[in-house]
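Colleague: Quick check, what structure comes out for this input:
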Amino acid sequence: METRRCLWSLLRNATLMVSLFAMYVTEAAGAHDCDGNGVFDEIEIAGKVYWSDYGSEMIKRADLDGANDENLVDLGMNSGLEGIAVDTTAGKVYWTDQGTHKIQRSNFDGTVVEDLVTVGLSAPYEIALDVAAGKMYWTDNSTKKVQRANLDGSDVEDLVTTGLGLPEGIDLDLTAGKIYWIDNGTTKIHRSDLDGTDVEDLVTTGISQPVGLALDVAAGKMYWTDWGSDKIQRANLDGSGVEDLVTTGLDHPVGIALDLVGGKMYWADSDNDVIQRANLDGSNVETIVNAGANDPEFIAVAQPRPDADNDGLLDACDECPNDPDKTALGVCGCGVPDDDADSNGTIDCQEQAPADPSGCGCGSGIDGIALFPMTLMGIGWMRRRRGKGE
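Modeller: Below you'll find the model as predicted:
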């Protein structure tokens, strides 16, 4: 029985390797989408910045350094693009359109444009997503509401409907269950629970005309643009400790987004027609897009998804993302996933006497290439045994 279990373990590993190798051969010549979310792995690994381009009435994107800027969705005349958000899990980009009074979405590449919310909106402004809960949140600065709905646009709810002047930027702290938003009419930054209750005033002084908002929940910070003073500022999540980060060279900054993996903040400067970024403390300001933007409004960052061994396959799809000795894309060099059975910081494949997950002395110490002849021998042995009445 132990021998048979061992052979079945080998066969299972060999089958996995054959399958992944077939995927590699099929897709090595071009882009691939290992997790089937409609976004090529190369794009997810690199990360992208998306923005709503009010002047050209287009959704656009570029690499995080501004290279390879491209037009994704042309909304045509009468559109009034404002807020934008991305769902990297499903490969979707969402936006608000004040001209057509809609909330829409498309695939990351701009295909399959869908109308989500088409009634009850007047001037939908900024938008934020709670992908895990299947919800989107937005501000409407004409109806003076904070609202939410399911990601497909169904079940629209009014959350905050009183005391608002001109609600604009919005973001979510899902850890604490809070909505943060900017009110340009009352010149305040507020927050509430996700259902709109327990409204608090957070920042009430030191701001002029705040517009865009982004949160770094882990660091306990919120960032915003102020187009009245042409600044980018931040504060603690409770509104204390307001800081000026960028105070020169700006002309009506609107949207702001954070790349927490890269330690960068990105913003759209609508009058300068540029997309810029800087370190999170405001240092090292760079203009990354200065020819492909026409009155850019809001901005969203699809942060890079990890590829630890830089083989072009997302770690989420890679059985052994830390294995430098792979036999093919995603295929472990020793035939088993990146396990560290003794928790010593070295994966089993790389040790002299690796742990044996199969319990039969044949699992993790065998090079993947050797699996093929050994598996064939095992199959022949089992057939002979079956021929003898086993």
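Colleague: okay, now Val242: neighbour count?
Modeller: Val242 has 15 neighbours, counted by other CB atoms under 10 Å. Where you see a C-beta, it was placed from the backbone N, CA and C, and this is true even at glycine.
Colleague: try the one 4 residues further on
Modeller: Applying the criterion other CB under 10 Å, we find 20 residues in the vicinity of Val246.
Colleague: State the distance from it to Ala90.
Modeller: Separation of Val246 from Ala90 (CB to CB, to the nearest Å) stands at 33 Å.
Colleague: Low-confidence stretches in this protein?
Modeller: Scanning the chain with the threshold set as pLDDT under 70 gives 1-31, 324, 327, 330, 334-338, 347-390.
Colleague: Then Ala316 would be within a helix, right?
Modeller: Yes. Note on Ala316: a helix contains this position according to DSSP: H, G, I helix; E, B strand; the rest coil.
Colleague: how about the closest residue to it other than its chain neighbours, phi and psi?
Modeller: Distances taken as CB to CB, 6 or more residues apart in numbering place Asp35 nearest to Ala316, at 5.8 Å, with adjacent residues excluded. Here is the backbone geometry of Asp35 (degrees, to the nearest 10): phi -100, psi 0.
Colleague: And this protein, split by domain according to the record?
Modeller: Domain assignment for the chain by automatic domain parsing gives 2-37+309-387, 48-302.
Colleague: out of these, deepest packed?
Modeller: Scoring these by mean neighbour count under mean count of other CB atoms under 10 Å gives domain 48-302 as the most buried, with a mean of 19.
Colleague: Run through the strands of the stretch 251-390 of the chain in chain order.
Modeller: With DSSP state E, counting those that start in this stretch as the criterion, the stretch 251-390 of the chain has strands at 253-259, 264-269, 274-279, 286-289, 296-302.
Colleague: could you dump those strands to TSV with distance to Ile189?
Modeller: Shown next, in TSV, are those (distance: least, CB to CB, whole Å):
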stretch	distance to Ile189
strand 253-259	13
strand 264-269	17
strand 274-279	21
strand 286-289	27
strand 296-302	17
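Colleague: Which of these sits closest to Arg148?
Modeller: Arg148 lies closest to strand 296-302 among those, at 17.8 Å (CB to CB).
Colleague: who touches the closest one?
Modeller: Outside strand 296-302, the residues that touch it by CB atoms under 8 Å, 6 or more residues apart in numbering are 44, 47-55, 60, 64, 81-86, 88, 93, 108, 126, 212, 254-259, 266-270, 273-275.
Colleague: Give the partner strands of that strand in its sheet and their orientations.
Modeller: Counting by DSSP bridges, the strands paired with strand 296-302 are strand 48-53 (antiparallel).
Colleague: What angle do strand 253-259 and the strand it pairs with make with each other?
Modeller: Relative orientation of strand 48-53 versus strand 253-259 (axes from the mean of the first three to the mean of the last three CA atoms, to 10 degrees): 160 degrees.
Colleague: isn't there a strand covering Thr175?
Modeller: No. When classified by three-state DSSP, Thr175 is found to be coil rather than part of a strand.
Colleague: For the residue nearest to Ala316, give me its contacts.
Modeller: Counting by CB under 8 Å, 6+ apart, Asp35 has contacts 314, 316-317.
Colleague: Which one of those is nearest to Asp155?
Modeller: Ala316 (29.8 Å).
Colleague: and the closest one, what does it touch?
Modeller: Each residue near Ala316 by CB under 8 Å, 6+ apart is listed here: 34-35, 305.
Colleague: swap in Glu243?
Modeller: Contacts of Glu243 (CB under 8 Å, 6+ apart): 233-235.
Colleague: Looking at those, spot the one nearest Ala218.
Modeller: Arg234 (14.0 Å).
Colleague: which residues are contacting the helix or strand hosting Gly212?
Modeller: Secondary structure from DSSP states H and E places Gly212 in strand 210-216. Residues from elsewhere that reach strand 210-216 (CB under 8 Å, 6+ apart): 126, 168-173, 180-182, 184, 187, 189, 203, 221-228, 233, 237, 253-258, 260, 265, 267-268, 280, 298-299.
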